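> here's my sequence, what's the structure:
(chains A, B, C and D)
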Number of protein chains: 2
Amino acid sequence: MSKASSKSAPHRRTRSDHRTETAEDYVEAIAQTIREQSVCRITDLARQFSVSHVTVHRIIERLQSEGLVETEPYKPLRLTPSGERLATRCRRRHEIVYQFLLALGIDQATAAIDAEGIEHHVSPATLQRFEEFARQQRG
Amino acid sequence: MSKASSKSAPHRRTRSDHRTETAEDYVEAIAQTIREQSVCRITDLARQFSVSHVTVHRIIERLQSEGLVETEPYKPLRLTPSGERLATRCRRRHEIVYQFLLALGIDQATAAIDAEGIEHHVSPATLQRFEEFARQQRG
DNA sequence: GTCGAATTTTAGCCAACGCTAAAATTTTTT
DNA sequence: AAAAAATTTTAGCGTTGGCTAAAATTCGAC
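Prediction:
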């Protein structure tokens, strides 16, 4: 183990980072669900995330107040333009991380799980290196 | 962008994962602080994590109830054997992730930040690949 | 030893995310 | 159309982690 190490960690991701991660996960899931089955409801997300529909409801309220999601009472969920853009960025990032792990030699199941966790913590610079590595490995 | 992708995400990390991450970060920081300046106080952690000492105090209470930290009133913090083991595992994992990012060609500052975020989400299998890659790149 | 500074502890507030129970609404079945 | 099923909403509670203010204790200087 080296010596230099990464001392003096800038500081741990704060509570507001968690809010962002949640927003990203939900927006990404909404986009994918709409893509696959044309509508997305609260129940769909509850099933995907294994939480109660009530929890989803409250998170959706927050995302709505942040301008990422639109919805009328008792109607299915929609993304705002801003929500769509976020979903697209997240999907791309997610895919790059996943392909990178595969290129590294990680098995599909593990890569899928780890990508889920890692994606939110990859800076643009690192993401670019991930992409290059995967391309180089594949090509 | 590929097609297969990582569909049907197992499900997002739950709230209890965050508790674990916090525990890991704190235990790791306590161990390092003790290593560097022989004692670790609540204030030290507050400074490192940029949160109030009151927040640290409450988190330490929890870690104590979980058997990771020991402390007597107004005294510095100590790790239990279990806390020490956790700190050692986390430090090792952190170091592997950091060295891996460096081996990939990420600059030190970015690698330090990203390692902080990524370390909690790397499975044992992936960690091992990270280690192999870094060794191979260096060797 | 006393006083002042630093540190820790307690009290009390807020937000996010987890839950169950129950009410309201929509959809489907009969 | 009425009844049943599914879905969404509201109400209310618990935990974690964020804060400030103020009290208690320890430590250092004098």
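
> if I look at the residue nearest to A:Gln37 when sequence neighbours are not counted, how far off is chain B?
Spatially, and ignoring its direct neighbours in sequence, A:Gln37 is nearest to A:Asp44 (7.8 Å; Cβ to Cβ, 6 or more residues apart in numbering or on different chains). All C-beta spots, glycine's among them, are computed from the backbone N, C-alpha and C. To chain B, A:Asp44 is 13 Å away according to Cβ to the nearest Cβ, to the nearest Å.

> count of residues packed around A:Asp44?
Around A:Asp44 sit 20 other residues, with neighbours defined as other Cβ atoms under 10 Å in any protein chain shown.

> now A:Lys75
A:Lys75 is surrounded by 10 other residues when neighbours are defined as other Cβ under 10 Å.

> so it, which state does it fall into?
Local secondary structure at A:Lys75 is given as coil here, using DSSP: H, G, I helix; E, B strand; the rest coil.

> and the pLDDT for it?
Note on A:Lys75: pLDDT of 98.

> for chain A, give me the ranges with low pLDDT.
Counting by pLDDT under 70, chain A contains low-confidence residues at A:1-12.

> what are the boundaries of the helices in it?
In chain A, the segments counted as helices under DSSP state H are A:15-37, A:42-49, A:53-65, A:81-104, A:108-118, A:124-138.

> got those as a markdown table, with distance to DNA strand D columns?
Formatted as a markdown table, the helices of chain A follow (distance: least, Cβ to the nearest atom of the strand, whole Å):
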| stretch | distance to DNA strand D |
| --- | --- |
| helix A:15-37 | 4 |
| helix A:42-49 | 3 |
| helix A:53-65 | 4 |
| helix A:81-104 | 16 |
| helix A:108-118 | 16 |
| helix A:124-138 | 23 |
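
> and those helices: which comes nearest B:Pro81?
Judged by Cβ to Cβ, the one of the helices of chain A that comes nearest to B:Pro81 is helix A:108-118, at 28.1 Å.

> buried residues in that closest one?
Applying a neighbour-count criterion of 16 or more other Cβ atoms under 10 Å in any protein chain shown, the buried positions in helix A:108-118 are A:110-118.

> please report how far the residue most central in space within chain A lies from B:Thr20.
Relative to the mean C-alpha position of chain A, the nearest C-alpha, by Cα atoms, centre = their mean, is the one of A:Asp25, at 4.0 Å. To B:Thr20, A:Asp25 is 18 Å away according to Cβ to Cβ, to the nearest Å.

> equivalent analysis for A:Leu86, please.
With distances defined as Cβ to Cβ, the gap from A:Leu86 to B:Thr20 amounts to 27 Å.

> nearest spatial neighbour of A:Thr71, chain-adjacent residues omitted?
The spatially closest residue to A:Thr71, leaving aside those adjacent along the chain, is A:Leu77, at 5.2 Å (Cβ to Cβ, 6+ apart).

> ok, the one you found touching A:Ile42?
Yes: with contacts counted by Cβ atoms under 8 Å, A:Leu77 reaches A:Ile42, the gap being 7.1 Å.

> tell me which of those two has more neighbours.
Each of A:Leu77 and A:Ile42 has its neighbours counted (other Cβ under 10 Å); A:Leu77 has more, 24 against 19.
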